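need coordinates for the following:
(chains A and B)
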Number of protein chains: 2
Amino acid sequence: MDFTPLFHNFAKHITLTKTEEKYITSLLDFKIIKAKEFLVQQGEISKQSAFVLNGCLRGYTIDSEGTEHVLSFAPKDWWIADMYSLLSQKPGNLNIEAMVDTEVALISKTNQDLMYEKVPKLERFFRIIIEKSLVAYQQRLNDNLSLTATERYMKFCKTYPQLINNIPQKQIAAYIGVTPEFLSKLRAKQVKAK
Amino acid sequence: MDFTPLFHNFAKHITLTKTEEKYITSLLDFKIIKAKEFLVQQGEISKQSAFVLNGCLRGYTIDSEGTEHVLSFAPKDWWIADMYSLLSQKPGNLNIEAMVDTEVALISKTNQDLMYEKVPKLERFFRIIIEKSLVAYQQRLNDNLSLTATERYMKFCKTYPQLINNIPQKQIAAYIGVTPEFLSKLRAKQVKAK
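I've put the predicted structure just below:
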């Protein structure tokens, strides 16, 4: 297991000493989540946050009609967690599933609290990445309220350029909130327009 | 001006010394925003976060059809900012407007960065409240994708109990994403059902 990508991620916002890196490493778990397996499923209480070292996870809910809604994808170098369940320690409604075999660094809630105590500059790191995540959700919410499906698809392409041609169309459709058939027509139109 | 409610808010998650409180106070601005006036308007670059001491603000966008979409309300003791614009220092798309005469404590981005340097435990405070805000947006996004208008209205009532009978119906409609006429029918049905 190699946590280097995680420490590169930390280095974007804070500087850790070797001793701190060693301490943090001692609190991490490494896991391979096989394609179609879950990090967490709805109804469970989330115990950990995941950082994707390789592969891709997706977080989605299933509504009362059985329709899947993708809230976020987490390709390499992204963080993902059911924040509601993790913070409240109540059962969540998010399913976090591997789209391909995926390697993750896991931090349990207990260890994350320990890290904050022992390496307070991590407060700064997580404050900053959670701010960025908040901005993304605010924009996504606004996009869903204000934009057309075509505009939402363009935004998806901007947010996740590495996923456009690498994940099933129906997953993109479940993210932008249209049927796979509608997305297929929309993409055909765009190819024509080029 | 009395910043006591703000320090009560800080005290929920961190303990500040009197010296730290004095220092923070020196970096705050107090402002009264008259009803229908703006803290920030779309197209502007946000310079500050606001904590509501009294009154109520609302944050909304206007789409290309001219329709308003309310992203959040900020009654007493809530924080509000156009996080995208504040963090990127690019023009934002949020309008933050006072619904009634509203007293706010303002922290400029520059002073907030100063505060983080001088009183690092504020990193912890803002990490925690931004996490809570992130959970709220994740749930709101999921609600908009998954729930019926009636369910979204019930959620609004739970999130903002103090606003149900105190703000214009059309504002609630612009938050849950229905027309004011639809909301009115929905409320009439609920009264009947009681």
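
residue boundaries of the helices in chain A?
Using DSSP state H, the helices of chain A run over residues A:4-11, A:18-26, A:83-88, A:109-118, A:121-146, A:149-159, A:169-176, A:180-193.

nearest to B:Ser72, of those?
Nearest of these to B:Ser72, taken as CB to CB: helix A:121-146 at 8.6 Å. Quick note: C-beta positions are derived from backbone N, CA and C, even for glycine.

helices or strands up against that closest one?
Under the contact definition 3 or more CB pairs under 8 Å, 6 or more residues apart in numbering or on different chains; DSSP states H and E, helix A:121-146 sits against helix A:109-118, helix A:149-159, strand B:56-62, strand B:68-75, helix B:83-88, helix B:121-146.

and it with helix B:169-176, angle?
Relative orientation of helix A:121-146 versus helix B:169-176 (axes from the mean of the first three to the mean of the last three CA atoms, to 10 degrees): 110 degrees.

run through the residues of chain A sitting next to chain B.
Within reach of chain B by CB under 8 Å from any CB of the partner chain, chain A has these residues: A:61, A:63-64, A:67, A:69, A:71, A:83-84, A:87-88, A:93, A:116, A:120, A:123-124, A:126-127, A:130-135, A:137-142, A:144-147, A:177.

tell me the contacts of the residue nearest to A:Gln162 when sequence neighbours are not counted?
Spatially, and ignoring its direct neighbours in sequence, A:Gln162 is nearest to A:Pro75 (5.6 Å; CB to CB, 6 or more residues apart in numbering or on different chains). A:Pro75 sits next to A:52, A:55-56, A:160, A:162-163 when contact means CB atoms under 8 Å, 6 or more residues apart in numbering or on different chains.

try A:Lys155
So A:Lys155 contacts A:139, A:143, A:147 (CB under 8 Å, 6+ apart).

burial measure for the second one, as a count.
The number of residues packed around A:Asp143, counting by other CB atoms under 10 Å in any protein chain shown, is 20.

swap in the first one?
Look at A:Gln139: counted by other CB under 10 Å, it has 18 neighbours.

next one: the last one
Other residues within reach of A:Leu147 by the criterion other CB under 10 Å amount to 16.

ok, now A:Ile32?
14.

quick one: average confidence on stretch A:103-117?
For stretch A:103-117, mean pLDDT is 97.

name the nearest residue to A:Phe73, sequence neighbours excluded.
Leaving aside its chain neighbours, A:Phe73 sits nearest to A:Arg58 (5.0 Å; criterion: CB to CB, 6+ apart).

over to A:Lys34?
A:Asp101 (5.5 Å).

hmm, A:Leu57 and that neighbour touching each other?
No - assessed by CB atoms under 8 Å, A:Asp101 is found out of contact with A:Leu57, at 11.2 Å.

what sits in contact with each of those two?
In contact with both A:Asp101 and A:Leu57: A:Ile33, using CB under 8 Å, 6+ apart.

more neighbours: which of the two?
Between A:Asp101 and A:Leu57, counting by other CB under 10 Å, A:Leu57 is the more crowded of the two (22 against 14).

now do the contacts for that one.
Counting by CB under 8 Å, 6+ apart, A:Leu57 has contacts A:33, A:39, A:50, A:73-74, A:80, A:96-99, A:102, A:104.

could those go into TSV alongside neighbour count and distance to B:Ala188?
As requested, the contacts of A:Leu57 are exported to TSV (neighbours: other CB atoms under 10 Å in any protein chain shown; distance: CB to CB, whole Å):
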residue	neighbour count	distance to B:Ala188
A:Ile33	22	49
A:Leu39	26	44
A:Ala50	23	46
A:Phe73	23	41
A:Ala74	24	44
A:Ile80	24	42
A:Ile96	24	41
A:Glu97	19	42
A:Ala98	22	47
A:Met99	20	45
A:Thr102	24	50
A:Val104	27	50
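
out of these, which are inside strands?
When strands are assigned by DSSP state E, the members of the contacts of A:Leu57 inside them are A:33, A:39, A:50, A:73-74, A:80, A:96-98, A:102, A:104.

closest one of those to chain B?
Using CB to the nearest CB, A:Ile80 is the member of the ones in strands among the contacts of A:Leu57 that sits closest to chain B, with 11.2 Å.

tell me the contacts of the closest residue to that closest one other than its chain neighbours?
Distances taken as CB to CB, 6+ apart place A:Ala74 nearest to A:Ile80, at 3.8 Å, with adjacent residues excluded. Neighbouring residues of A:Ala74 by CB under 8 Å, 6+ apart: A:50, A:52, A:56-59, A:80, A:96.

list the buried residues of stretch A:26-41.
The neighbour-count check on stretch A:26-41 (16 or more other CB atoms under 10 Å in any protein chain shown) flags A:27-28, A:31, A:33, A:39-40 as buried.

equivalent analysis for stretch A:182-194, please.
Within stretch A:182-194, the residues scored as buried using 16+ other CB under 10 Å are A:183, A:186.

pull the CA coordinates from it and hand them back as CSV.
Output of stretch A:182-194 as CSV, limited to C-alpha atoms (Å, rounded to 0.1, in the frame of the first residue of the first chain):
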residue,chain,number,x,y,z
PHE,A,182,-32.4,11.7,-23.1
LEU,A,183,-28.7,11.9,-22.4
SER,A,184,-27.9,9.8,-25.5
LYS,A,185,-30.0,12.2,-27.7
LEU,A,186,-28.2,15.2,-26.1
ARG,A,187,-24.8,13.8,-26.8
ALA,A,188,-25.7,13.0,-30.4
LYS,A,189,-26.8,16.6,-30.9
GLN,A,190,-23.5,17.9,-29.5
VAL,A,191,-21.5,15.7,-31.8
LYS,A,192,-23.5,17.0,-34.8
ALA,A,193,-23.0,20.6,-33.6
LYS,A,194,-19.2,20.2,-33.6
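
let me know the average pLDDT across that stretch.
In this model, stretch A:182-194 has a mean pLDDT of 82.

look up how far A:Glu131 lies from the residue nearest to A:Gln162.
Shown here: A:Pro75 relative to A:Glu131, a distance of 20 Å by CB to CB, to the nearest Å.

who are the contact partners of A:Val104?
When contacts are counted by CB under 8 Å, 6+ apart, A:Val104 touches A:30-33, A:39, A:50-53, A:55, A:57.
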